[in-house]
Each structure stands twice: as structure tokens, then as C-alpha cells.
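The following comprises the amino acid sequence and a computationally predicted model.
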Amino acid sequence: MGFDTDVLPSGEIFVGGEWMRGRGADIISTFPADRSLNRVVAGASAEDVESAIDRAATAQAAGWGEAKAQERAAVLHRISDGIAAAVDRISFIQTRDTGKTLTETRALAMSAAGTFRYFASVLETADEDATVRRADTLTLSLHEPIGLVSAITPWNSPIASDAQKVAPALAAGNAVLLKPASWSPLVGLELARIAEAAGLPKGLLSVLPGAGSIVGEMLVTHPAIGRVSFTGGTSVGRGIARKAAEKLMPVSLELGGKSPTIVFADADLDLALAGVLFGIFSSTGQSCIAGSRLYVERSIYERFLDRLVKATEALVVGHPFDAATQVAPLVHDDHRASVEAFVASGIADGGEVLAGGARPTGNLYDRGVYYLPTIVAGLPASAHLVREEVFGPVLTVFPFDDEEEVVRLGNDNHYGLACGVFTRDTPKAMRVGRRIASGTVWINTYKQFSISTPFGGVKESGVGREKGRNGLFAYMNQKSYYLDLGGRPHPWARIG
Ligand code: NDP
């Protein structure tokens, strides 16, 4: 990778189409692999947010919402092309910001380009409905832009989660105020640079890194904001839902998870092993959909676990720029401290650490925020480590005896984001998938994604769906029209 830190965004923020030093608190972005400084970003202040909102309202009213589908789609295509042309740079920036491997951040950048392309196509091919006639009226159900939309995103996959909100919201004719997480402020700013170069009219996109408690709050509570799309933790999401309820404003919430993976004895065990490893340890476990609870049918439990432990210990923990690396550093020292506290709680609750459970040591590892892929067995279902989201490379494992039991165990959690089922018996896989409360079911695979397939959670994993064709309409208001065809005054008025 032929980049150095010169290519990182400058530290200015993008307020209503202008690059400026934010007037809020500084945000310090560091590289988790060695803690070197990326950038000090001058974060947004309340005044900056107010100015971004004013400019967004002016820009949206100036014609974007009224623009023809093909005109908006053309801009989205140019943004997609801009992202595709900058994949290496975006990937470098995101790896510096989050510590994820270049292999992964490259895939995320490509997916972001695909997201803009997809929503440009959805916009150009979306149909509006004339509804069935039940009177002397032509009845139409049409969609209109909401106006101003806030997008609030977490640090784990910023370019992908930013694109998943910004692309449909812009396609739908809105202006967007994007607040990236404070641990990963840089990629969103790069997206702003690309959108600006693609000719997105000034003011339609602002990128406002800044404190969640100031910038995030304002982007929810400000009266001009008509919708919030949030991805992040459940407790912040719940607070946003409460504030949105005060305004009676729609929100979508993509929240945390504690997803079960189920391996039946009749599974293709190579598929299952690869799925389990990828499901929990890719992205160093920092993934909302991580398969963090593993249930293995008792007749193969010992044999499967033996292979799983060996394969886990063989994973390459290394520098994110190294192509051989499978498990890169965690995002931040504070986050590693939280992962360590979870593992300590598991041990205190009687868990047995079968793999990992510690930091790796040595030169490379001492410089960065590394943690070994970890497997813990023998925990009661009530343990904190089994119930709560770690958001790190920690897998809890359990045997089960039959389908009934594993459905009960799989559902014994307050989250409901995803689940994995490994078996050669397709009807059984479908049956179990239907009975597990989750937004996504993977069968004989895990952590696969497609922009055309809706995504979201049930229970405390969220409200609403992103992606898919309806992802566009989520950023629009539906309006019904009745057009009189009878030409006679209403009889109630008795004027005819
Ligand atoms: P947080 O909930 O802590 O933060 C998410 C975003 O919300 C950040 O931009 C944060 O800003 C902002 N924020 C914080 N407080 C407020 C507030 N009061 N009002 C408005 N915005 C606020 O999550 P993390 O960034 O730590 O991300 C990890 C979480 O995200 C995990 O729980 C994970 O499961 C979830 N997630 C869910 C996904 C899904 O699709 N279901 C996908 C990816 C992650 P700041 O950083 O400045 O605090």
C-alpha cells in the first residue's frame, strides 16, 4: 500500500458544503496498530450543527427534492464512481482509523460504491402506485422526500454504514447530516470530499464529527430534522427513540446483537467450522452480527470443539496492513479494557477459557491494541458474558441435545439480530430459522451480505430495516391523492 498519512483528511469538517475547523472539542484519531496519531479533527460545535442544518434546509428546498429521478441518480452514480476510484485510499484511511485489516476495509469501500450504485438504480426504477378504484376518484399513493435526515453511525464499519444511510436518503431527495463516531471520524470526511467532487449540490451533505452528547443529541432533537437513521449500541438507541417519541419523529435503529450459531450433528463440519470462525473472529469480533453464542449438538460437541480450538489458535493475529492477518487490533484501549472485563466476568462465573483469554505479547503486539481470539465454555445461560454483547473476539460455547432445546437456548436473549444454522437437513434449517427471533438467518454460511436484501433486528436489536428496494422509501413520506372523476358536487352539500 503506497500511502502515508498525508492522504488522511485534514482535520477540517464539512459544514453545509464548506470545509472549516469545527468550533467544538478536538477529536483525536489514532492508529490502533501502534497508537500513532492519525489526525486531530476539530469537532463540530452546537453552532456548527445549527449552521449545517440551516444550509441543508436551504439546499434541499432549492430543488433537490423536486429534481427528476435521473438527475439525482446521475449524482449518485458519480459518487459511486468516485468511491470506486478511491478504494485504496478509503481503505487505507479506514484501516488507520479503526485498525481493521486492509482486506476488510477494501471490501467495505467496494460495498459502499455498490450501495450508491444500487440506490441510484432503485430510484430510477421505483414505481408509484395507483390504488384500486373504489369510488369516482383516481387514487394515487405517492412518495415525497422527508426534508432533512440525520444519519448517526458507529465506528466499526464506517464507510459501509455511512453509505447505507447517505445513499438512500439522498436518492429520496433529502439533505443529510452525517455524524460519524468519535473513534472513527476520518472516513465520513473522505466521503464528503468524494460527494463534493461528484457535484452534489452544496449543503445537501454535512459531515459533523463531534461528541455524541452534543452533536448527536442535536441531530435528533432539532425541530428541523424529520427522520433519524441510527446504527450503534442499544442503550444510545433507546435514548434516541425516547427523544424521537417526544417529536413523534420516525427513527430506524440498527442496534447490538448476541447472535446464536447452531451446529447440528448432520452438518458439513468444514462449512460449520469456517462459518463459526468467520462469524465471531473476523473484524476481531467488532461486528453487530458476530456469532458470539455457539450451540453444538452433544454427539459431536467434543470433536467439534477440539477442531475449533485448534483452528482458533492457528488464526493469524497481526498488523492490519499485513495481507496474512486474520485478526487485527481492537479499535481502542478503552474497548480492549471492556473486552477484558467481560472475559474476567466469565471466569468469575465459572467459565473455562479454552483458547485465548489474554493479550498476545511481543514487539508488534505490545505497540498496538491486540487481544487473542477467545473461547469460553462451561458458563450458565445467566452469565453476563453469555447475555451481553462483548463486541470483541470472544465466543461462548454450549452443547445441546435436540431441536426444542436449542431453539429455547437460542431465543434466551434480549437481542435478536441474526442467527446461523448449520445442517444438511434443509427443512430443519428453515424450521429452526423461523423459530429463532432474529432479523437475519444464515444457513450453512455466516455474515454474508447483499445490498438488495433488507437488514435489521427484532427485540432489542432494533427497529426498521435498511437496504433493499424499500430502503429508499424509508426516507420518504407517503402521500395519498384523490382526484375526482365524477364531476358532480357532493350530495351532502345539497347545492345541485
Ligand atoms: P454507540 O451507540 O456508542 O455510538 C454510535 C453513534 O452514536 C456514535 O456516532 C456516537 O457518537 C453516537 N452517540 C453517542 N451518544 C449519543 C446521543 N446521546 N445522541 C445521539 N448520538 C449519540 O455505539 P458504538 O459506536 O460504540 O458502536 C458499537 C455498537 O454499534 C455495538 O452495540 C454494535 O452492535 C452496534 N452496531 C450495530 C449494527 C447494526 O446494524 N445492527 C452495525 C454496527 C454496529 P460518539 O462516538 O461521539 O459517542
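Cool, the structure landed. Residues are numbered from 1 along each chain as shown.

Now do the domain split for the chain, please.
What automatic domain parsing lists as the domains of the chain is 5-255+461-480, 260-443.

With respect to residue 450, which of these lies nearest?
Between residue 450 and the domains of the chain, the shortest separation by CB to CB is 7.9 Å, and it involves domain 5-255+461-480. Placement of C-beta: from N, CA and C, glycine included.

will you turn the domains of the chain into a markdown table that also has mean neighbour count and distance to residue 487?
Written out in a markdown table, the entries for those read as follows (neighbours: other CB atoms under 10 Å; distance: least, CB to CB, whole Å):
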| stretch | mean neighbour count | distance to residue 487 |
| --- | --- | --- |
| domain 5-255+461-480 | 21 | 8 |
| domain 260-443 | 19 | 49 |
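
Can I get those in TSV including mean pLDDT?
Converted to TSV, those look like this (pLDDT from 0 to 100):
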stretch	mean pLDDT
domain 5-255+461-480	97
domain 260-443	98
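
JSON lines please, covering those domains and showing distance to the ligand.
Rendered in JSON lines, the data for these read as follows (distance: least, CB to the nearest ligand atom, whole Å):
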{"stretch": "domain 5-255+461-480", "distance to the ligand": "2"}
{"stretch": "domain 260-443", "distance to the ligand": "3"}
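
As TSV, the ones you listed with distance to residue 449 would be great.
Shown next, in TSV, are the domains of the chain (distance: least, CB to CB, whole Å):
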stretch	distance to residue 449
domain 5-255+461-480	7
domain 260-443	9
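
do you know how far residue 279 is from residue 393?
For residue 279, the distance to residue 393 under the criterion CB to CB, to the nearest Å works out to 11 Å.

One more: residue 16?
Using CB to CB, we find residue 16 at a distance of 40 Å from residue 393.

residues in contact with stretch 84-94?
When contacts are defined by CB atoms under 8 Å, 6 or more residues apart in numbering, stretch 84-94 is touched by residues 1, 3, 7-9, 83, 100, 102, 105-106, 108-110, 112-113, 158-159, 184, 186-187, 190, 194.

chain center to stretch 432-449, what's the gap?
Taking CA atoms, centre = their mean, to the nearest Å, the mean C-alpha location of stretch 432-449 is offset from the chain mean by 17 Å.

CA-only coordinates of that stretch, as CSV, when you get a sec.
Only the C-alpha atoms of stretch 432-449 are listed here, as CSV (Å, rounded to 0.1, in the frame of the first residue of the first chain):
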residue,chain,number,x,y,z
VAL,A,432,-35.2,-23.6,13.3
GLY,A,433,-34.5,-20.3,11.4
ARG,A,434,-38.2,-19.5,11.6
ARG,A,435,-38.4,-20.2,15.3
ILE,A,436,-35.3,-18.1,16.3
ALA,A,437,-36.3,-14.5,16.8
SER,A,438,-33.9,-12.6,14.6
GLY,A,439,-33.7,-10.3,11.6
THR,A,440,-31.4,-12.5,9.5
VAL,A,441,-30.8,-16.3,9.3
TRP,A,442,-27.7,-17.7,7.6
ILE,A,443,-27.9,-21.4,6.6
ASN,A,444,-24.6,-23.2,6.2
THR,A,445,-22.9,-19.8,5.9
TYR,A,446,-22.5,-16.8,8.1
LYS,A,447,-22.0,-13.0,7.8
GLN,A,448,-22.9,-12.8,4.1
PHE,A,449,-24.5,-9.5,2.9
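
Off-centre distance for the longest helix anywhere in the chain?
The helix spanning the most residues in the chain, taking DSSP state H as the definition, is helix 102-125. Here helix 102-125 shows a centroid-to-chain-centroid distance of 14 Å under the convention CA atoms, centre = their mean.

Next secondary structure element downstream of it?
Next in sequence after helix 102-125, counting helices and strands by DSSP states H and E, comes strand 129-130.

other SSEs contacting that next one?
Taking 3 or more CB pairs under 8 Å, 6 or more residues apart in numbering; DSSP states H and E as the contact definition, the neighbouring helices and strands of strand 129-130 are strand 137-145.

what's the helix or strand that the strand it packs on is followed by in contact with?
The element immediately downstream of strand 137-145 (helix or strand, assigned by DSSP H and E) is strand 148-152. In this structure, residues lying in contact with strand 148-152 by CB under 8 Å, 6+ apart are 53, 56-57, 60, 162, 165-166, 169, 174-179, 212, 216, 219-220, 224-232, 240, 475.

With stretch 215-230 instead?
Taking CB under 8 Å, 6+ apart as the criterion, the residues outside stretch 215-230 that touch it are 24, 43-44, 46, 49-50, 53, 56-57, 146-152, 165, 169, 174, 177, 179, 208-210, 236-237, 240, 243-244, 246-247, 249-254, 466, 474-475.

Now the residue most central in space within the chain: closest residue in space, sequence neighbours ignored.
A centroid search over the chain (CA atoms, centre = their mean) returns residue 161, at 4.4 Å, as the residue closest to the centre. The spatially closest residue to residue 161, leaving aside those adjacent along the chain, is residue 153, at 4.4 Å (CB to CB, 6 or more residues apart in numbering).

The one you found: what's it in contact with?
Under the criterion of CB under 8 Å, 6+ apart, the contact list for residue 153 reads 161, 162, 165, 178, 179, 180, 181, 188, 231, 232.

For the fifth one, which residues count as its bridge partners?
For residue 179, the beta-bridge assignment (DSSP bridges) gives partners residue 152.
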